[in-house]
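Trainee: I'll drop the sequence and a predicted model, then ask my questions.
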Amino acid sequence: MSTQQWSEHIVLTELQDDPAFSDDLATLIEQVEKNSSLDVLLNLAHVNYVNSSNLAKLLRLRKVVTITNGRRLILCSVNTHVWGLFLTTGLNKTFEFADDVSLGLTDLQIGRPPEKNKGK
């Protein structure tokens, strides 16, 4: 996993296909549980396949980042095959997406502020 602390409050993580995908997401989840002030940008440019276990980890990450911490999680550079999975499962309405890393970073830096924890 390639992780960069882009700014004080933004982490950029580039994911790879499994088996690294699962391990890297578990590590990232631990990181955001320890630091609740992080927005996360996930670069999926090198991910060609996502299985149910991967989806469960992405949902867990989303819960920690957006609901528990009140921050933002954006997925970017999603290829056509993986995008089809998000559409089929309806998760395209659950996650935020950006076309590429630069647009995702711009959105996190000057986009809408993170939603506050509403006790969910």
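Mentor: Happy to help now that I have it.
Trainee: Pull the number of nearby residues for residue 25.
Mentor: As a burial measure, residue 25 scores 21 neighbours (other CB atoms under 10 Å). Glycine gets a C-beta too; all of them are placed from N, C-alpha and C.
Trainee: distance of it from residue 97?
Mentor: Between residue 25 and residue 97 the distance is 17 Å, computed by CB to CB, to the nearest Å.
Trainee: same check, this time on residue 30
Mentor: When CB to CB is the yardstick, residue 30 and residue 97 sit 24 Å from each other.
Trainee: just residue 41 next, same as before
Mentor: Separation of residue 41 from residue 97 (CB to CB): 11 Å.
Trainee: Check residue 29 too.
Mentor: From residue 29 to residue 97 the distance is 20 Å (CB to CB).
Trainee: Please apply the same query to residue 43.
Mentor: Look at residue 43 and residue 97: by CB to CB, they are 12 Å apart.
Trainee: what sits in contact with each of these two?
Mentor: Residues touching both residue 43 and residue 97 (CB atoms under 8 Å, 6 or more residues apart in numbering) are residue 76.
Trainee: Looking at those two, which one has more neighbours?
Mentor: Using other CB under 10 Å as the criterion, residue 43 and residue 97 rank with residue 43 on top: 21 against 17.
Trainee: SS state for the more buried one?
Mentor: Here residue 43 is recorded as strand under DSSP: H, G, I helix; E, B strand; the rest coil.
Trainee: Please, where are all the helices along the chain?
Mentor: Assigned by DSSP state H, the helices in the chain fall at 20-34, 52-62, 80-89, 101-110.
Trainee: which residues sit in contact with residue 9?
Mentor: Remark: with contacts taken as CB under 8 Å, 6+ apart, residue 9 is in contact with 37, 38, 39, 71.
Trainee: ok, 10 Å please
Mentor: Counting by CB atoms under 10 Å, 6 or more residues apart in numbering, residue 9 makes contact with 35, 37, 38, 39, 71, 72, 108, 109, 114.
Trainee: Now do the shared contacts for residue 41 and residue 97.
Mentor: 74, 75, 76, 77, 103, 104, 107.
Trainee: State the pair within those that is farthest apart.
Mentor: Distance extremes for those: the farthest pair is 77 and 107 at 13.4 Å, using CB to CB.
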